[in-house]
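Enquirer: The following comprises the amino acid sequence and a computationally predicted model.
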Amino acid sequence: MVVDDDLAILDIVTIVLSGEGYEVEPFTSGHHLYKLTDNLPALIILDVLLSGEDGRDICKYLRQNEKTKQIPIILFSAHSQENVSHSLPNSSYNSFIPKPFDIDDLVKTVNNLVRYD
Amino acid sequence: MTSITTPSDSDLVHFKDDFISMAAHELKTPLTSLRAYNQIIQSLLKKNCVESALEYTYKMQSQFERLNKLIFDLLDVSHIQSGRLDLSESVFYLDDIAREVVSTLQPTFPTHLIYIKGKTDKEVRADPDRIGQVITNFIINAVKYSPQADYIVISFETQGETNSFHVQDFGVGIEKIHQPRIFERYYRVYNKNDKKYAGLGIGLYVSSQIIARQGGQTWVDSTPGVGSIFSFSLPAFHLLYEPQNYGR
């Protein structure tokens, strides 16, 4: 599952990960992540600065929720990890990818978290 | 209708800090797409998939245009501050420019249909490119802030000696406290959860300045949860004051 309010980024992540054999569900907002109960995703890729939402709040919620706390989370952002993580414990997410990102790094990070989890 | 107020110095310092951080973010976003599309194209070309690669060059083009618009918006703020905003005036109907803008923008917004209604009866004298820029800003905002809707409405009217243009969306709307400040430089709206929306807070400022410098007014009517109507007006042009007959 990938959440980003930028359609081009969603398009790119979907193309790249679909090409690697993953089934990708793209979303422009994180609202539905608060309602995840069944059909949990194997991985969530989450933009930090969503329009009108904060990916860090979603991250904290997912970690506190019994059903979702084991789902690996990749945060990505155009802000640095230092700026992003000051209000977020490292244990709240599994990996951070800075934008602009290299698509090989994206694939490698996803593979590490999903295929070898 | 909401009037425009002047921000305090401390507000401006705060907005400017926020602005610099957001400018870096907003510039990096299309750069991210450009870098990734470029990598995808390289990979496709290595496999001789020329047709597919070509498709991605079109996607890159829209990201270049987005980056270009951002840079021009930033330069416009600088030009406005120093009083060097260039205007090249001619006489035209607002409807004509708006229809041109819509025909260019509609293919880039597959999520929203743009309906046009009404007409103006009198021409305006203004910079058509700059007016097109304002209309573009209004439409982009309308789409951006109505993610759950599937259409927006553009309308025109002439009342007396004033031509008006409106863009109506059916989206999140704007809280009353933000409405008087929405056209301020660097001002960005936050929602009821205290989260800001993406953007630099310069598009509406630049738009209002463009309209003001051509003798017009800019305003917003909005209801949270219902939607917003962004409008501007320009005075009608009179042949009486000008020797040339420009025609339509």
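Expert: Thanks, I have the structure now. Just so you know, these numbers come straight off a predicted model, no measurement behind them.
Enquirer: Three-state assignment for A:His32, please.
Expert: Under DSSP: H, G, I helix; E, B strand; the rest coil, A:His32 falls in the helix class.
Enquirer: Tell me how far it lies from A:Glu25.
Expert: Note on A:His32: its distance to A:Glu25, by C-beta to C-beta, to the nearest Å, is 10 Å. Bear in mind the C-beta positions are built from the backbone N, C-alpha and C, glycine included.
Enquirer: Please apply the same query to B:Lys16.
Expert: Counting by C-beta to C-beta, the gap from B:Lys16 to A:Glu25 is 39 Å.
Enquirer: Also B:Ala212?
Expert: Counting by C-beta to C-beta, the gap from B:Ala212 to A:Glu25 is 46 Å.
Enquirer: now swap in B:Lys176 and tell me
Expert: Counting by C-beta to C-beta, the gap from B:Lys176 to A:Glu25 is 37 Å.
Enquirer: got it, and B:Val143?
Expert: 23 Å.
Enquirer: higher neighbour count, these two?
Expert: Counted by other C-beta atoms under 10 Å in any protein chain shown, B:Val143 and A:Glu25 do not tie: B:Val143 has more neighbours, with 21 against 13.
Enquirer: That one touches B:Pro110, doesn't it?
Expert: No: using C-beta atoms under 8 Å, B:Val143 makes no contact with B:Pro110, being 10.4 Å away.
Enquirer: what pLDDT, on average, does stretch B:69-89 get?
Expert: Stretch B:69-89 shows a mean pLDDT of 88 in the predicted model.
Enquirer: Name the residues of that stretch that come out as buried.
Expert: B:69-70, B:73-74, B:76-77, B:80, B:85 (16 or more other C-beta atoms under 10 Å in any protein chain shown).
Enquirer: got it, and stretch A:83-103?
Expert: Buried residues in stretch A:83-103 (16+ other C-beta under 10 Å): A:84-85, A:88, A:92-99, A:101, A:103.
Enquirer: what's the weakest-modelled helix or strand in the chain?
Expert: You didn't pick a chain, so chain A it is. Lowest on mean pLDDT, DSSP states H and E among the helices and strands of chain A sits helix A:81-85, with a mean of 80.
Enquirer: what distance separates that helix from the centre of its chain?
Expert: Distance of helix A:81-85 from the chain centroid (C-alpha atoms, centre = their mean, to the nearest Å) equals 15 Å.
Enquirer: export that helix as CSV, just CAs?
Expert: C-alpha atoms of helix A:81-85 as CSV (Å, rounded to 0.1, in the frame of the first residue of the first chain):
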residue,chain,number,x,y,z
GLN,A,81,15.0,12.3,8.2
GLU,A,82,16.4,14.6,10.9
ASN,A,83,13.5,17.1,10.4
VAL,A,84,10.9,14.4,10.1
SER,A,85,11.9,12.1,13.0
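Enquirer: So the residue nearest to the spatial centre of chain A, which state does it fall into?
Expert: With the centre of chain A defined as its mean C-alpha position, the nearest residue by C-alpha atoms, centre = their mean is A:Ile45, 1.6 Å away. Judged by three-state DSSP, the three-state class of A:Ile45 is strand.
Enquirer: which parts of chain A sit against chain B?
Expert: Within chain A, the positions near chain B by C-beta under 8 Å from any C-beta of the partner chain are A:5-6, A:8-9, A:11-12, A:15-16, A:28-29, A:49-54, A:78-79, A:99-104.
Enquirer: Out of these, list just those in helices.
Expert: A:8-9, A:11-12, A:15-16, A:103-104 (DSSP state H).
Enquirer: For stretch B:208-216, list every residue counted as buried.
Expert: B:208-211, B:214, B:216.
Enquirer: As JSON lines, the residues you listed with distance to chain A, pLDDT and secondary structure would be great.
Expert: Putting the buried residues of stretch B:208-216 into JSON lines (distance: C-beta to the nearest C-beta, whole Å; pLDDT from 0 to 100; DSSP: H, G, I helix; E, B strand; the rest coil) gives the following:
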{"residue": "B:Ser208", "distance to chain A": "22", "pLDDT": "95", "secondary structure": "helix"}
{"residue": "B:Gln209", "distance to chain A": "25", "pLDDT": "94", "secondary structure": "helix"}
{"residue": "B:Ile210", "distance to chain A": "25", "pLDDT": "95", "secondary structure": "helix"}
{"residue": "B:Ile211", "distance to chain A": "26", "pLDDT": "96", "secondary structure": "helix"}
{"residue": "B:Gln214", "distance to chain A": "31", "pLDDT": "93", "secondary structure": "coil"}
{"residue": "B:Gly216", "distance to chain A": "29", "pLDDT": "95", "secondary structure": "coil"}
